[in-house]
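J.: pasting the structure only:
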């Protein structure tokens, strides 16, 4: 009699504490940067403060998305709500575009109507402190996003990192104005920073759309799965039709398992239990769906999905039933 080890349940981690950290950082930096703008009158610092307001809105959206994503499956949402994170990332991308628009419009207006910058020393000091806060929080969010596979945290971290880039550009612009005495350098640098921010926004929206369209797992994770399946291919059992996708923190895969015709239902069931346990141990949070088929039945080879991950070196040899 075959025994199986209980499979580890896919884990959903509550990540809302990171969203609260982002909200706190946004409120603090808004206060600091607004004070720096009031002291100096720099359009660059005004644009920088405007982006921090956008950061606050985005952080609130991220908090809502993470709260929704952590909720368990229900009769209405049978697969849970993990994809809520992709909507948050899309909103982050749009918010970045809004921040860039504010920066570009403000910089053009100030270029046409230049004004001198005042109290530069204090303004720059305050902006540096705000940038250090954002930079530290961004690193925390990016690390947590990679660890917990959260596109929401990665998007929020990238958003804050664009704020750091913005601040660095603004500081350069203000310093150049002080050195050269040319007031128009301030809006010129602000404009260039705005263009750079747009590039980040495009990347975030592209990533969120890919997730909503069920993008396959990363290549290295597909390789972990296929290596296990190759190792278990022994002439009596083989596999095909592997498909993978990710949704927020969760991973999904489905595969056809072809077993000897004479196996009983219990033998097939026990084999699949062991297979799923091995796969889910190798990739925590992986959800496995298997389809059991008789290996010598030609019909087993007629339902292979159009798009799938190749398992064997020469995948075509796995797509034909063994010769009698």
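T.: It's in. Keep in mind that what you see is a predicted model, and the values were worked out from it rather than measured.

J.: give me the neighbour count for the spatially closest residue to residue 88 that is not a sequence neighbour.
T.: Distances taken as CB to CB, 6 or more residues apart in numbering place residue 65 nearest to residue 88, at 3.3 Å, with adjacent residues excluded. Yep, even glycine has a C-beta here, placed from its N, CA and C like the rest. Using other CB atoms under 10 Å, the number of residues around residue 65 comes to 30.

J.: any idea which element residue 65 lies in?
T.: helix 43-69 (DSSP states H and E).

J.: C-terminal to that helix, what's the next element?
T.: helix 84-112.

J.: okay, angle between that following helix and helix 43-69 too, please.
T.: 170 degrees (axes from the mean of the first three to the mean of the last three CA atoms, to 10 degrees).

J.: so how far is helix 84-112 off the chain centroid?
T.: 19 Å (CA atoms, centre = their mean, to the nearest Å).

J.: contacting residues for residue 199?
T.: Taking CB atoms under 8 Å, 6 or more residues apart in numbering as the contact definition, residue 199 lies against nothing.

J.: distance of the residue positioned nearest the centre of the chain relative to residue 202?
T.: Taking CA atoms, centre = their mean, the centroid of the chain lies closest to residue 151, which sits 2.2 Å from it. For residue 151, the distance to residue 202 equals 15 Å [CB to CB, to the nearest Å].

J.: what's the burial count for residue 158?
T.: Neighbours around residue 158, by other CB under 10 Å: 23.

J.: any idea how far residue 228 is from residue 91?
T.: Residue 91 is 37 Å from residue 228, by CB to CB.

J.: who has more neighbours, these two?
T.: residue 91 (22 against 17).

J.: need the contact list for the closest residue to that one other than its chain neighbours.
T.: The shortest distance from residue 91 to any non-neighbouring residue, by CB to CB, 6+ apart, is to residue 61 (4.7 Å). Residues in contact with residue 61 (CB under 8 Å, 6+ apart) are 88, 91-92, 95.

J.: show the buried residues in these.
T.: Buried members of those, counted by 16 or more other CB atoms under 10 Å: 88, 91-92, 95.

J.: buried sites along stretch 145-165?
T.: Buried, per 16+ other CB under 10 Å, within stretch 145-165: 145, 148-165.

J.: repeat that for stretch 246-264.
T.: Taking 16+ other CB under 10 Å as the criterion, stretch 246-264 shows 246-259, 263 as buried.

J.: tell me how far stretch 148-160 lies from the chain's centre.
T.: With CA atoms, centre = their mean, you get 6 Å for stretch 148-160.

J.: on that earlier part again, quick check: the farthest pair among the buried residues of stretch 246-264?
T.: 248 and 263 (36.4 Å; CB to CB).

J.: and the residue nearest to residue 83 when sequence neighbours are not counted, how far from residue 101?
T.: Using CB to CB, 6+ apart and skipping the chain neighbours, the partner closest in space to residue 83 is residue 247 (5.0 Å). According to CB to CB, residue 247 stands 31 Å off from residue 101.

J.: so what does residue 288 look like in phi/psi?
T.: phi -110, psi 130 (degrees, to the nearest 10).

J.: could you pull up the residues touching it?
T.: With contacts defined as CB under 8 Å, 6+ apart, the neighbours of residue 288 are 253-255, 275-276, 279-280.

J.: checking residue 258 next. Helix, strand or coil?
T.: Following DSSP: H, G, I helix; E, B strand; the rest coil, we place residue 258 in the strand state.

J.: make that residue 252, sorry
T.: Looking at residue 252 with three-state DSSP, the answer is strand.

J.: what segments of the chain are strands?
T.: 238-247, 250-259, 286-294 (DSSP state E).

J.: reformat the ones you listed as JSON lines; add mean pLDDT.
T.: Compiled in JSON lines, the strands of the chain are given as follows (pLDDT from 0 to 100):
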{"stretch": "strand 238-247", "mean pLDDT": "90"}
{"stretch": "strand 250-259", "mean pLDDT": "92"}
{"stretch": "strand 286-294", "mean pLDDT": "92"}
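
J.: with distance to residue 83 added, can I get these in JSON lines?
T.: Below are the strands of the chain laid out as JSON lines (distance: least, CB to CB, whole Å):
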{"stretch": "strand 238-247", "distance to residue 83": "5"}
{"stretch": "strand 250-259", "distance to residue 83": "9"}
{"stretch": "strand 286-294", "distance to residue 83": "14"}
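
J.: out of the ones you listed, nearest to residue 213?
T.: Nearest of those (CB to CB): strand 238-247, 9.2 Å.
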